[in-house]
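**Q** just to be clear, the model below is a prediction. Sequence and coordinates:
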Amino acid sequence: MDSPRAEPTIRTVAARAGVSKSLVSLVLQGSPKVSPARRAAVEAAMADLGYQPSLVAQSLSARRTGVFGVVMNDLRNPWFVDCLEGFASAAGEAGYRTVLADERLDDAGGGLVESILRLHVDGLVLMGTMTPSPTLRDAARRRPTVVAASRDFPGTGLDVVANDDATGTRLALDHLWGLGHRRIAHIDGGPGAIPAIRRDTFRAYLVERGINDPAVEAGGTTEGDGYAAGLRLLASDCPPTAVFAFNDVVATGVLAAARERGQAVPEDLSVVGYDNTSLAAMRLVQLTSVDNASTVVGAAAAQALITRLEDPDTEGGLTLIEPNLVIRETTAPPR
C-alpha cells in the first residue's frame, strides 16, 4: 500500500516555482508587487501540487480571514436554522464564510466560543436567546459582534437585529379576538427578554379589553413543554377556547394534548404558534403562526456585521423586523 503523500507547503510551492517563500506569501496576499510571470509560476506550482493555503496563515498576514463566527442558542428549533440560512446567504454574497457553534452543547464553560475566536474570525454573531455570560461579553469585546434574534444584551452597545415581538403578539391576538375568542391562554416561553415581551404584551392586550386576569401558563420552548402545559390548561375548571403558544414547537405539543383530551382543533380549541417555521406549514399540522421573517433577520444581521467591520466607530443600535400573521387551519370561531 502506498504511503500517504505529505501535504504541500509554502516551501514546496516555492521550490517548484523556483522562487522564495516570501514571494509565495506575496502572491497569496494578492500583492501588486509581484510580476505577472512570477505570479503565474507560483499559481501553476500550487495547482500542480494541490496546495490549499491555510486560513489561519492568511489571517496572520492579511489580518482578515473572510470568516464570520455564529454562536447559536439551539439548533433544535427550525426557526434558528432558517435564520442561519439567511445570515450565511447574505454573508456569502459579500464574500464571507460562516462557522457555527451551538452554545447549548458547550459543556466546557465557553470552550466553543474560544475555539471560534482562535480561528481569527472577522466578526461574531450571537443568535438566539442566551445568557450574556462573562465569556460572551468578553468575546464581544474582542471581535465586532452583532446580536440576532435576541434582546438579552441590553446596555452593551452592540448592534441588535430582532423581530418586533410586541407587534407579532398583537397580530396573533387580534386574529383570535376577531374570531370571537375571549378565553385565550398564553403558554410562556420561560426566562429571557423575548418571552417576557410576548408575555407582557399578551397580558396588556387582554387587560385593555377588560380581562383582568389573563391566563399565562408556565411553559418553555420544546414540544414537551407545550404538551404538559396544554394538558394542564385543558384539564382546568375553565379551559381556554384558544391558545397562543410561545413558538411553533410548543404549539405542536398543544395539538398533541388536545388530541389526547379528545378536543378537536380548531372546532373545540384554536391554536396559534409563533415563528412560521417549516413545521407550521406541514400538511398534517397546518398551524396558524406569526411569521417573524427568519431569513430577513439573518440577512439583516449579516449586513449589520459587515457595516460594523467597514466602520467600527458606528454607534450600535436596535433593528426590528416587522412580522405578519399566516392563517392556516388551526384557528376558527369558538363553538
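**A** Now that the structure is in, tell me what you want to look at.
**Q** and stretch 288-300, how far out from the chain's middle?
**A** Between the mean C-alpha location of stretch 288-300 and the chain-wide mean there is a distance of 10 Å, by CA atoms, centre = their mean, to the nearest Å.
**Q** go through that stretch and flag the buried ones.
**A** The neighbour-count criterion (16 or more other CB atoms under 10 Å) identifies 288-294, 296-300 as the buried residues of stretch 288-300. Where C-beta positions appear, they are placed from N, C-alpha and C, glycine not excepted.
**Q** and what of stretch 174-184?
**A** Judged by neighbour count using 16+ other CB under 10 Å, the buried positions of stretch 174-184 are 175-177, 181, 184.
**Q** closest one to residue 216 out of these, please.
**A** Of all the buried residues of stretch 174-184, residue 216 sits closest to residue 184, with 10.4 Å by CB to CB.
**Q** ok, the closest residue to the closest one other than its chain neighbours to residue 189 distance?
**A** Once flanking residues are discounted, residue 184 sits nearest to residue 242: 4.7 Å by CB to CB, 6 or more residues apart in numbering. Counting by CB to CB, to the nearest Å, the separation of residue 242 from residue 189 is 18 Å.
**Q** so the two - more neighbours on which side?
**A** Relative neighbour count places residue 242 above the other of residue 242 and residue 189, with 27 against 22, counting by other CB atoms under 10 Å.
**Q** next up, the contacts around that one.
**A** Listed by CB atoms under 8 Å, 6 or more residues apart in numbering, the contact set of residue 242 reads 176, 179, 181, 183-185, 269-272, 331, 334.
**Q** and residue 70, by the same measure?
**A** Taking CB under 8 Å, 6+ apart as the criterion, residue 70 is in contact with 84, 87, 98-101, 124-125, 127.
**Q** tell me what it is bridged to.
**A** Residue 70 has the following beta-bridge partners by DSSP bridges: residue 100, residue 125.
**Q** any idea of the pLDDT on it?
**A** Listed pLDDT for residue 70 reads 95.
**Q** can you check residue 1 too?
**A** Taken from the predicted model, the pLDDT recorded for residue 1 is 43.
**Q** also residue 168?
**A** Residue-level pLDDT assigned to residue 168 equals 98.
**Q** for the one 5 residues further on, same thing?
**A** Residue-level confidence at residue 173 comes out at 98, pLDDT.
**Q** same thing with the one 4 residues further on?
**A** We have a pLDDT of 98 for residue 177.
**Q** excluding its backbone neighbours, what's nearest it?
**A** Distances taken as CB to CB, 6+ apart place residue 209 nearest to residue 177, at 7.0 Å, with adjacent residues excluded.
**Q** tally up the residues packed near that neighbour, please.
**A** Using other CB under 10 Å as the criterion, residue 209 is surrounded by 13 other residues.
**Q** one more: residue 219?
**A** Residue 219 is flanked by 27 other residues according to other CB under 10 Å.
**Q** could you measure it against residue 306, distance?
**A** Distance check for residue 219 against residue 306: by CB to CB, it reads 36 Å.
**Q** just residue 6 next, same as before
**A** For residue 6 relative to residue 306 (CB to CB), the value is 38 Å.
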